[in-house]
Structures are given as structure tokens and as C-alpha cells.
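A.B. asks: I'd like to go over a predicted model; first the sequence, then the structure.
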Amino acid sequence: MLKNRILLLAATAVAAVAILGYTAAEPTQVSAATPHKTWITVDMNELKTMQVFAAMGGRFLAPEIVTVRNGIAVLQATDDEISIISEHAHKNLHKCAGFMAHPDEQDALDTIDMVTGPKPSLATVTYTIDNAATVQPMINDMAAPNIKDTITSLSSFTTRYYNSTTGLDSAFWIKNKWTTLAAGRSDVTVEYFNHSWVQPSIILTIQGTTNPSEVVILGGHQDSIRSGCSASTTCQTLPAPGADDDASGIASLTEVIRVAMESNYRPAKTVKFMAYAAEEAGLLGSKAIATSYQNSGVNVVGVLQLDMTNYKAPSTDIAMITDHTNAAQNTFVRNLASTYLSTLTVVDTQCGYSCSDHAPWDARGYAASFPFEAPMGSDNPFIHTASDTLANSDPNATHALKFSKLAGAYMAELAKGTIAPTASAEKFADFDGDGKTDVSVFRPSNSVWYIQGSQAGFSAAQFGVSTDQPVPADFDGDGKTDIAVYRDGVWYSMLSATSTVNITSFGIAGDKPQPKDFDGDGKADKAVYRGGTWYVLKSNGSQYTVAQFGLAGDIAAASDYDGDGKADYAVYRPSQGIWYVLGSTAGFSARQFGISTDKPVPADYDGDGKTDLAVYRDGIWYLQRTTGGFTAFQFGIASDIPAAGDYDGDGKADAGVFRDGVWYMLRSTGGFAVTGFGLAGDKPLPSTFVP
Ligand SMILES: [Zn+2]
Ligand SMILES: [Zn+2]
């Protein structure tokens, strides 16, 4: 093979050779003293400027250039030389990486051919923007404090250098964070993609529902680097917080994952989130994955790269990298921004050869785009130093939030799919947490709770006093209804997760307790209704909120009517038979449904995640179902206590009545059932909030 050896800036090179004490022509010197060398490729013109900068700074950069093809140089560089190249690539060229590393010369040459030659003709993608119903709720839900938290956690590792133990620890942190967010989703996996170095890449996959073979990738790099460090020693110990480069990109993606999981997003195509290892060492992680996917024929239909999202330049918000990216997909991303983020200023910029992880994908013909934090040159000047901190970028992460929203729009418009909010967090007396309402009563005469757990079996517990009002709800968010009572403004709850009793004063005697999940965190909030005013003590904080909604004489009926996972203020006004609902997402609505003597029994009868308006009238159930429409049927008699609940655990509330110790249930899946449990005078617990 012909090797075209070139000496650049010959005087400098000679000096470097003299200092390093070896040349390629002196094989006798190749011994234990031989510095470790790596094959890399770098833009030839950029290398020249790096050499000038190095010389001006009194350092020598004269790596052995094996060949130059199409303007890209193939080098065998020592760790010191790579350190100088990396330093000047980011300092003077404002690039995150700036070079690509290779296992051998052939791989370097193949890469140049891929980058500069004609791209393989992969199937072209048709870009459409028609999925606002999925995109909008998700991007509305994104919040900067979550991004800030992730950046703070990741930048607290001394360094996330790819060949360091803390770089392994940080990879574990990301995998653990993503795994926690994906809990409960059987269609989601979080896995390591292992490499030959210490730090693994991490891939979270959401299996596509209808086109799973088509893959949409959103990625960023997890590693950090300290400029000028030595690979064998100081890179592993010198602080490299990398808050902007690229904890911010990982944090922006993590917020996309959070809302995708929380809103129960189900993509039509498969979506993969990637935290690449070893970008700073020459795009090693992304290159390994792109190569693997190409070799196994994975049908990657689009790649989005987020590398640095949290440093804002004056008068611009997003800078689209136009070189080594896909023009058609870039137009799509710009259109996403103008559709969903119309107030933002989007400009074009370029970053040259191998500036980040989009490059290995682009080189293989995959459509890659790279929205960047600022025009090149106006981006964060602190990267690769100990000063790349949150304080030196956007301390509130509001800039990074824009990139989460753009990435969320990209995901749901390219992979399509829908959101199906999880069924209402409200559970009716599910003490054992199996998703089924338990037949259960509170007996005022001895203040004993008797529970026939559908899974856990029978139990009985004395809790409260005879005059207490039972308020069973899932206060600790463990999926199990907790035994609890309300006594003249004081809440006593037996938390099932910890078996501890919580006592909280909130409300006054005469208030109507409404323990529902108003903030959507999976925990019931202590709340009371007082003649038209709602007082809510949200479980996610010590603050309480006060809201005026309803009038004296209205019956409080808070529940999740709009299916966003949050309870809505709602009242039933018997005098007119009108329901007033203040949907936390859907807004205000009023509807006449029922008459003055009816008992409101709102619940999710059709299982679409939204509470349906419903009343019980002398043995007849009238339901106005959000999906199933209107229905009415007889089940029970006038003297029965209505006790709706999901007795068969199919996600749909069932009609049920309690008659002097006998339960009659009309289960939507399980059919009709009768069971004796309790005595006349007992309070059936599924019926707690029915007046
Ligand atoms: Zn970077
Ligand atoms: Zn970097």
C-alpha cells in the first residue's frame, strides 16, 4: 500500500522529533519507550491552523501524516498530539471533537471515502407535520428544572472521561436514570452497548407499534474531557464537569424520555435514545454503533444529535449545522421549529469535519441533523475546561429546554404514534395494589377497617374513631390505597409503603375531604372543599393552593375528567343537575346531567382514562361516557348504597351496590357477582366519596 508521507511545517516537525526522541525511520527506537499511537482523521486545513496555533503557544504539533485524501489527513498520532488537536479544535475552531479515531489505516481510508464519496442510496423519507395531538401535550409538559437537575447530577462527576472509573460511574447513573423513567413499560428497554474501553454507551429503545423495523435515533454524548490532559494519567483525574458539553444534550434528551414515559407515548416506528461514549476521543462510541447498525442492516430513518444545548448566543436560539448533515431532514427540523416553537430564532451554521456524533451516521448515508446551541464561534467558550459549569451556561436550563421541545417534536413527527395517558391515578379502595377494587368496609361502631383484598386476602385493622370520616386514598404513591381518616381538620393516614402513620392538619371541621391526585405525581393530595372554595395541599411541596370553584350547596366531585393524570376541580350542583368541571388540561366545561335527588358516581366506566359523568337514581345508573357515550341501566334498588369500582381490574369502573352486608357487582369483564362482606351500618369503602 502506498503511503504518502508528508512533513508539515518541517522545522517544527524536526524539533518535535528531537524532543520525542523517535521517528518512524528508526525502528530500533521502537521499544517500551514508544508512545502509544492512534489512527485518526482530521481536516487537513484545520490541522494546519491547529499547528499554527500550537506553534504560537510554544508547543509542537507535527504528527506523522500517512496520507491525505480529499482534503482529509490520515495520521498516526500520539496521545500528546491528540491532546493538542483536541484542545485547538475546540479553542480555535469551536468544535466539540474535531477528529475521528480509527482502529487501523484501512478504517480511516474507508471513512474518508464514506464522508466524501457518494452516499449510499437509502430509502428517502417523506416528512410530514400532522401529529400535533401527540407533540403538543408532551412539549407542554417539559420543564427546565428537570433538565437542570440532570445537568447538575452529571456535572458533579469529577470527569466523565471515557477511560476512567468516574466515566463508568456516570454511565451507570444515566442507565439507572433512564431505567427508572421507563419503569412499568414492557415495550421499553434500557441497555448498555459495550465497547473495548471502560465507558459503555447506553441505548433506550421504545418499540414501535406498527412500523417497528424503522428506527428513529436521538443521541448525545455522555463523556467529558479536560483540554490538554494526558490520556494515560491526568484525563482520568482532572476536573471536567462538562455541564454544557455535553451533560446538557443528555439532559435535554432525558426530559424527552420523561414526558414520553409519563404521557404513555407509543411511537409507530421504533425510537432509540443514545448516550454515546467516547465522543471526545474521536467519536468512538457513535462510530461503533453506526457501524454495527449498518452491518446488521438496521433501517435507521433519521438521526438527531444534541451536543451542547444550554449556552445562548445573543439574538439566536437554535443554530442548524448545515454541513455533514441531511438537507431534507434539516428542512424538516426547521419546519418543526416554526410549527411548534414559532417564537424562536433559528439560523444556519457549519462545524466542519467530525465535530460530533452525527458524523458517523451521516458518513454512512443516514439522514442526520444537528441543532446546536449557537452559531459556531458564539458557542460556549468554557467547554473542555474546569469552568464548563451550569453557572457558566444557562443556570436555569431554559435554553436547553428549547432543544428538548424540538427533539420531542422530531420524535413524535418522524416516528409518529400516539399518547395514551395512563388510566386515572385515582383508585377505588385498592388496598393491595393489584389494580382491582377490594370489597371493604369501615365499621363506625368499633372503627375497624375490614378488607377482602382481591389479591392479599382478608385483613382487619382498627384505625380511627367512630365519628371519623374514612378517606382511603394512595397518599404515598405506592399503588396501594392507604387506610386513612379525616377528623375535624386533621388527616390520619396509615402509609402502606412504610407502615407509618402520618398526621397532618389541613382543613377545618365541616370541610368535605377530597383526597385526589391534583398534581399528577401519583400520590393523592390532601384537599378539602369548603362551600365553593378548594384548598389543596399538594404532595409535591409544602405550599397549598386555594381556588374558587363552585358554590355553597354544590357537591364536590373532583376527579380526572380530562384524562391527563391530574384530578380536576369539579362540582355537581343538585339544584340544577349541572356538572361544572375545571379540567387541568381541557379547561372549563358545564353540562346538565342528572336531577336534584341523584347521587353523583363519577368514574371511568369506559376505561379511556377519563372520568365519566354519572349519577345513581333509585337503582338506575345513568352514565355519560367520554368514549362509550350515554347509557342507562338498572342495577340495585332505591335503598342500596352505590359503590362503583373496578372490581375485575380491566381498567373500567363497574357498577356495584352495597345492601346491608351484601355486595352486588356488575363487572365489565368478570360478569355479575354477589358476595357477603360486612354488616348493615358499615360504610362500603369504594363508595367513600359518594354523598
Ligand atoms: Zn460535545
Ligand atoms: Zn467536547
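C.D. replies: Noted; the coordinates are in hand. Residues are numbered from 1 along each chain as shown. Ligands and ions are numbered 1, 2, ... in the order given.
A.B. asks: separation between the closest residue to residue 564 other than its chain neighbours and residue 568?
C.D. replies: If you skip the residues right next to it in sequence, residue 564 has residue 585 as its closest partner in space, 4.1 Å away by Cβ to Cβ, 6 or more residues apart in numbering. (Each C-beta comes from the backbone N, C-alpha and C, glycine too.) Distance of residue 585 to residue 568, given as Cβ to Cβ, to the nearest Å: 9 Å.
A.B. asks: out of those two, which sits in the more crowded spot?
C.D. replies: Neighbour count, other Cβ atoms under 10 Å: between residue 585 and residue 568, residue 568 has more, with 26 against 17.
A.B. asks: so who does the more buried one touch?
C.D. replies: Applying Cβ atoms under 8 Å, 6 or more residues apart in numbering, we find residue 568 in contact with 558, 559, 560, 561, 562, 581, 582, 583, 584, 586.
A.B. asks: Kindly supply the PyMOL command isolating those of these that are buried.
C.D. replies: When burial is assessed using 16 or more other Cβ atoms under 10 Å, the buried subset of these is captured in PyMOL by this command:
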select buried, resi 558+559+560+561+562+581+582+583+584
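A.B. asks: any chance of the contacts of residue 568 in CSV, plus distance to ligand 1, pLDDT and secondary structure?
C.D. replies: Rendered in CSV, the data for the contacts of residue 568 read as follows (distance: Cβ to the ion, whole Å; pLDDT from 0 to 100; DSSP: H, G, I helix; E, B strand; the rest coil):
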residue, distance to ligand 1, pLDDT, secondary structure
558, 47, 95, coil
559, 47, 94, strand
560, 41, 93, coil
561, 45, 93, coil
562, 41, 88, coil
581, 48, 95, strand
582, 45, 94, strand
583, 42, 90, strand
584, 38, 86, coil
586, 41, 81, coil
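A.B. asks: Also within reach of ligand 2: list those from the contacts of residue 568.
C.D. replies: If you filter the contacts of residue 568 for contact with ligand 2, counting by Cβ under 5 Å from the ion, you are left with nothing.
A.B. asks: can you count the residues close to the residue of the stretch 401-550 of the chain found nearest ligand 1?
C.D. replies: Distances from the stretch 401-550 of the chain to ligand 1, computed as Cβ to the ion, single out residue 403 as the nearest residue at 13.3 Å. When counting by other Cβ under 10 Å, one arrives at 29 neighbours for residue 403.
A.B. asks: low pLDDT regions in the stretch 401-550 of the chain?
C.D. replies: 421-426, 540-542 (pLDDT under 70).
A.B. asks: Output the set of residues of it in proximity to ligand 2.
C.D. replies: Contact residues (Cβ under 5 Å from the ion) of the stretch 401-550 of the chain with ligand 2: there are none.
A.B. asks: Show the contacting residues for residue 156.
C.D. replies: For residue 156, the contact set (Cβ under 8 Å, 6+ apart) comprises residue 241.
A.B. asks: you'd agree residue 486 is up against residue 471?
C.D. replies: Yes - the pair residue 486 / residue 471 is scored as a contact, 4.7 Å apart, by Cβ atoms under 8 Å.
A.B. asks: Mutual contacts of these two, please.
C.D. replies: By Cβ under 8 Å, 6+ apart, the residues touching both residue 486 and residue 471 are residue 513.
A.B. asks: Would you map the strands across the stretch 451-600 of the chain?
C.D. replies: If you assign secondary structure with DSSP state E, counting those that start in this stretch, the strands in the stretch 451-600 of the chain sit at 457-462, 469-470, 483-487, 490-495, 500-505, 512-513, 526-530, 533-537, 544-548, 555-556, 569-573, 578-583, 587-592, 599-600.
A.B. asks: Can you report phi and psi for residue 137?
C.D. replies: According to degrees, to the nearest 10, the main-chain angles of residue 137 amount to phi -60, psi -30.
A.B. asks: OK, contacts around it?
C.D. replies: Residue 137 makes contact with 263, 419, 564, 585, according to Cβ under 8 Å, 6+ apart.
A.B. asks: out of those, who's nearest ligand 2?
C.D. replies: Comparing the contacts of residue 137 against ligand 2 with Cβ to the ion places residue 263 closest, at 32.1 Å.
A.B. asks: Tell me which residue in this protein sits closest to ligand 1.
C.D. replies: Taking Cβ to the ion as the measure, the chain has residue 96 as its residue closest to ligand 1, at 3.0 Å.
A.B. asks: Determine the number of other residues adjacent to that residue.
C.D. replies: One way to gauge burial is a neighbour count; for residue 96, by other Cβ under 10 Å, it gives 29.
A.B. asks: residue contacts, it?
C.D. replies: Contacts were defined as Cβ under 8 Å, 6+ apart; by that measure residue 96 touches 90, 221, 245, 246, 279, 280, 307, 308, 355, 356, 383.
A.B. asks: pLDDT-wise, what's the bottom of those residues?
C.D. replies: Lowest pLDDT within the contacts of residue 96 is found at residue 90 (77).
A.B. asks: what about that one, is that helix, strand or coil?
C.D. replies: For residue 90, the assignment made with DSSP: H, G, I helix; E, B strand; the rest coil gives helix.
A.B. asks: Surely it and residue 227 touch.
C.D. replies: Yes - with contact taken as Cβ under 8 Å, residue 90 and residue 227 are classed as touching, separated by 6.7 Å.
A.B. asks: Now do the helices in the protein.
C.D. replies: Here the chain has its helices, by DSSP state H, at 10-20, 44-56, 79-91, 105-116, 132-141, 144-155, 165-181, 248-262, 284-295, 327-340, 358-363, 398-414.
A.B. asks: Let me know the angle separating the third one from helix 44-56.
C.D. replies: When you say that, I think you mean helix 79-91. Note on geometry: by axes from the mean of the first three to the mean of the last three Cα atoms, to 10 degrees, helix 79-91 and helix 44-56 are set 100 degrees apart in direction.
A.B. asks: Show me what helix 79-91 is packed up against.
C.D. replies: Counting contacts by 3 or more Cβ pairs under 8 Å, 6 or more residues apart in numbering; DSSP states H and E, the secondary-structure elements packed against helix 79-91 are strand 37-43, helix 44-56.
A.B. asks: Can you add distance to ligand 2 and mean neighbour count and give these back as TSV?
C.D. replies: Supplementary listing: the helices and strands packed on helix 79-91 in TSV, determined by distance: least, Cβ to the ion, whole Å; neighbours: other Cβ atoms under 10 Å:
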stretch	distance to ligand 2	mean neighbour count
strand 37-43	15	22
helix 44-56	15	18
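A.B. asks: And the ones you listed, which one averages the lowest pLDDT?
C.D. replies: Going by mean pLDDT, the lowest-scoring of those is helix 44-56, which has a mean of 85.
A.B. asks: Neighbouring strands of the strand ranked longest in the chain in the sheet, and parallel or not?
C.D. replies: With secondary structure taken from DSSP state E, the chain has its longest strand at strand 211-221. Sheet pairing of strand 211-221 (DSSP bridges) gives strand 269-276 (parallel), strand 299-305 (parallel).
A.B. asks: can you pull the alpha-carbon coordinates of the last one into CSV?
C.D. replies: Only the C-alpha atoms of strand 299-305 are listed here, as CSV (Å, rounded to 0.1, in the frame of the first residue of the first chain):
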residue,chain,number,x,y,z
ASN,A,299,-33.3,0.7,8.9
VAL,A,300,-32.4,4.0,10.5
VAL,A,301,-34.7,6.6,9.1
GLY,A,302,-33.4,9.6,11.0
VAL,A,303,-30.8,10.7,13.5
LEU,A,304,-30.9,13.8,15.7
GLN,A,305,-27.8,14.9,17.6
